[in-house]
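Chemist: Got a predicted structure plus its sequence, pasted below:
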Amino acid sequence: MNSASEKHSALESRLLNQIQMLKATTVSTEEQSGINLDEMNADEIEVATCLETARSASIVSENLYQELRQAEAALQRLRSGTYGICQICEEPMSQKRLNAVPHATLCIDCQGEAERGRGRSVSARFAAVDPTLQ
């Protein structure tokens, strides 16, 4: 097996492990947030605490789902042969960038430009890649 194949296999394993871990963590977080106030004999402070805990768990769960979607998309790009190619400038991303952020869709330069665009109107080319940048 050549070095490129080994790197591809190692990355695929890493992404699959990350996906498996995120799925397990997401299920665990959802189970922990399942609070039934009807079954509780709770005062107002306990109810408020339970509701805040459920809200926090919901935020964590949403973040985990987003991370899971990013990992699954990275695995799909890896399998289709487009992994490591910036979705804006279409240039290869550095290995250092991919090691640090395996699910990255943008190279450092384009990511920086996209982040600078937050808070003001972002060009259509960035919004098309990542709608959260609008």
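Modeler: Structure's in. What do you need? In this text, all values refer to a predicted model and were calculated from it rather than measured experimentally.
Chemist: For this protein, name the helix or strand with the lowest mean pLDDT.
Modeler: helix 124-129 (a mean of 53; mean pLDDT, DSSP states H and E).
Chemist: helix, strand or coil for Cys89?
Modeler: Recorded secondary structure, Cys89: coil (DSSP: H, G, I helix; E, B strand; the rest coil).
Chemist: how deep is it tucked in, by neighbour count?
Modeler: Neighbourhood size, Cys89 [other C-beta atoms under 10 Å]: 14. For the C-beta atoms, the positions are set from N, CA and C on the backbone; glycine is no exception.
Chemist: same thing with the one 4 residues further on?
Modeler: Counted with other C-beta under 10 Å, residues neighbouring Met93 total 22.
Chemist: list the contacts for it?
Modeler: 84-86, 104, 106-108 (C-beta atoms under 8 Å, 6 or more residues apart in numbering).
Chemist: quick one, phi psi at the nearest residue to it once chain neighbours are set aside?
Modeler: By the measure of C-beta to C-beta, 6 or more residues apart in numbering, the closest residue to Met93 outside its immediate chain neighbours is Cys107, 4.7 Å from it. Dihedral pair for Cys107: phi -70, psi 170, per degrees, to the nearest 10.
Chemist: out of the contacts of Met93, which one sits closest to Gln70?
Modeler: Using C-beta to C-beta, Ala104 comes nearest to Gln70 of these, at 8.9 Å.
Chemist: Test my guess that that closest one contacts Lys96.
Modeler: No: if you go by C-beta atoms under 8 Å, Ala104 and Lys96 don't touch, sitting 10.8 Å apart.
Chemist: Which one of the two is surrounded by more residues?
Modeler: More crowded of Ala104 and Lys96, by other C-beta under 10 Å: Ala104, with 21 against 9.
Chemist: Tell me the pLDDT of the more buried one.
Modeler: Ala104 carries a pLDDT value of 92.
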